[in-house]
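*Asks:* generate coordinates for the sequence data below:
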Amino acid sequence: MTDWSEIRTHFPALEAQVYLNTAGGGPMSREAVEAVRHYYDEFYEHGDTGWEFWLGRVESVRARLARMLGVTPDEVAFLANASSGLNHVADLLAGDDGTVAVLDGEFPSVTFPWSSRGRRLHFMKSTAAIEDLPSSTSVLAVSHVQYQTGERLDLARVSEICAARDVRLVVDATQSFGVHPIDLAATPVDALVFSGYKWANAGYGIAPLYVRRSLLGGSGPRSAGWRSAPEPYDLDERSTELTTTARGLELGHPPFAGVASLGGALELIEQVGLEAIDARVQSLQESLRRGLHDKRLEVRSKPGSGITMVGVDDPVATVGRLAETNVLVSARGAGIRISVHYYNSERDLEQLLESI
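*Replies:* Residues are numbered from 1 along each chain as shown. Take a look at the predicted model:
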């Protein structure tokens with residue numbers, strides 16, 4: 001049995017506040033902070049002498065994340081934010097002529113990379129419309145969990161649809177990685193990215209990108225830097241050959257600090273287990289939804305993710321008043337967004353319901 005009260009001690013930010021805003025940004029875990037602090041201490045005390053060791057650490061974290069996702073390490077790149085990753089993907093799929101299907105209310109990072117390149121967007125009013133993608137669709141770009149509604153996509157079903165119709169599937173897992181298991185061996189996608197500062201609790205500055213190996217073949221990525229070469233240390237300025245691994249998308253030096261932080265964060269996630277985390281979150285969500293119904297508050301989201309949307313008359317003012325009682329949530333649309341993660345407790349939910 002997992003000792004959830006002990007897990008909570010890994011997140012000092014929870015001590016003085018009821019933190020229910022992970023969908024906006026999660027607190028860093030102790031493991032993540034210790035790992036990134038260690039990296040900075042190494043740089044501070046020894047200068048750049050740790051380069052080779054740091055590269056080795058990057059590859060170790062790359063391999064660990066690849067195992068968790070069910071992919072190979074050479075399909076994983078480490079970038080600074082999810083938007084960079086989705087722009088890389090849009091470039092890699094620039095040869096597709098068809099429409100890019102997206103959802104109404106989608107996070108702009110998912111739509112802008114395509115519209116800024118002149119791609120035609122087809123906006124769907126609900127996830128149900130994915131069952132009937134227009135024949136012109138060549139790419140489906142979608143968040144695994146929608147940030148405004150908390151709706152969790154049936155990734156297995158969507159993967160089947162896209163495979164059957166020869167549609168590229170691009171997924172933003174920023175609102176799901178770290179809380180829901182993702183197995184890309186069983187549920188293939190063409191690309192998946194997530195920001196580490198939300199449910200992974202790794203802080204800002206790290207966003208892993210998975211790209212199916214077949215997309216990296218041929219001419220390679222359109223953006224290139226010195227580490228995009230097959231043998232970077234050849235430093236051949238006249239070469240036109242690019243690597244066919246995701247590492248080339250990093251362009252230059254890896255985001256060492258972010259990778260170190262992610263490595264620490266993954267250590268705790270693996271220690272607890274994503275299945276246990278998912279079950280814990282769903283249990284807390286059930287308690288929350290019961291409490292909200294008892295308060296006669298309108299729950300506007302379906303169960304299944306870590307996000308619950310609640311209708312209120314003045315979301316911004318409500319968020320402000322809750323913050324005065326040290327209860328942190330966020331305003332989205334015509335309601336407030338409550339994010340429950342595995343480090344939250346039943347007492348957190350009780351305080352929220354008392355304050356609301």
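
*Asks:* pretty sure residue 291 sits against residue 355.
*Replies:* No: with contacts defined as Cβ atoms under 8 Å, residue 291 does not count as touching residue 355, sitting 11.8 Å away. Glycine gets a C-beta too; all of them are placed from N, C-alpha and C.

*Asks:* residue 43: neighbouring residues, count only.
*Replies:* Residue 43 has 15 neighbours, counted by other Cβ atoms under 10 Å.

*Asks:* got a list of what the closest residue to residue 74 other than its chain neighbours touches?
*Replies:* Of all residues not flanking residue 74 in the chain, residue 245 sits nearest, at 4.0 Å (Cβ to Cβ, 6 or more residues apart in numbering). With contact set as Cβ atoms under 8 Å, 6 or more residues apart in numbering, residue 245 has these partners: 74, 75, 213, 216.

*Asks:* which of those scores worst on pLDDT?
*Replies:* On pLDDT alone, residue 216 ranks lowest of the contacts of residue 245, at 87.

*Asks:* you'd agree it is up against residue 242?
*Replies:* No: contact criterion Cβ under 8 Å: residue 216 and residue 242 do not qualify, at 9.1 Å.

*Asks:* these two: who's more crowded?
*Replies:* Comparing residue 216 with residue 242 by other Cβ under 10 Å, the one with more neighbours is residue 216, at 22 against 18.

*Asks:* and the gap between that one and residue 265?
*Replies:* Distance, residue 216 to residue 265, by Cβ to Cβ, to the nearest Å: 26 Å.

*Asks:* residue 256 too?
*Replies:* Counting by Cβ to Cβ, the gap from residue 256 to residue 265 is 15 Å.

*Asks:* with neighbour numbers in mind, choose between those two.
*Replies:* residue 265 (29 against 22).

*Asks:* before we move on, back to that, what touches both of residue 216 and residue 242?
*Replies:* residue 248.

*Asks:* re earlier: per-residue confidence at the residue nearest to residue 74?
*Replies:* Residue 245 is given a pLDDT of 90.

*Asks:* that one and residue 231, how far apart?
*Replies:* 12 Å.

*Asks:* which residues in the chain form helices?
*Replies:* Ranges of helices in the chain, per DSSP state H, are 4-8, 30-46, 51-69, 82-92, 108-115, 155-164, 256-272, 274-294, 315-324, 346-355.

*Asks:* neighbours of the closest residue to residue 162 other than its chain neighbours, how many?
*Replies:* Leaving aside its sequence neighbours, residue 162 sits nearest to residue 169 (Cβ to Cβ, 6+ apart; 4.2 Å). By other Cβ under 10 Å, 22 other residues sit near residue 169.

*Asks:* my read: residue 169 touches residue 189, true?
*Replies:* Yes: using Cβ under 8 Å, residue 169 and residue 189 qualify as a contacting pair, with a distance of 4.5 Å.

*Asks:* who is the residue nearest to residue 162 paired with across the strands?
*Replies:* residue 140 (DSSP bridges).

*Asks:* give me the neighbour count for residue 237.
*Replies:* 7.

*Asks:* I'd like the distance between it and residue 355.
*Replies:* 61 Å.

*Asks:* state the distance from the closest residue to residue 105 other than its chain neighbours to residue 60.
*Replies:* Counting by Cβ to Cβ, 6+ apart, residue 105 lies nearest to residue 148, which is 5.1 Å off, once chain neighbours are set aside. Using Cβ to Cβ, residue 148 is found at 36 Å from residue 60.

*Asks:* could you chop this protein up by domain?
*Replies:* Segmentation of the chain into domains, based on automatic domain parsing, reads 32-271, 273-355.

*Asks:* mind checking those for the one nearest to residue 19?
*Replies:* Closest to residue 19 of the domains of the chain, according to Cβ to Cβ: domain 273-355, at 5.4 Å.

*Asks:* state the mean pLDDT of the closest one.
*Replies:* Rounded mean pLDDT across domain 273-355 is 96.

*Asks:* what residues are up against the closest residue to residue 277 other than its chain neighbours?
*Replies:* Spatial nearest neighbour of residue 277, chain neighbours left out: residue 342 (4.5 Å); criterion: Cβ to Cβ, 6+ apart. Applying Cβ under 8 Å, 6+ apart to residue 342 gives the contacts 4, 7, 179, 272, 276, 277, 280, 281.
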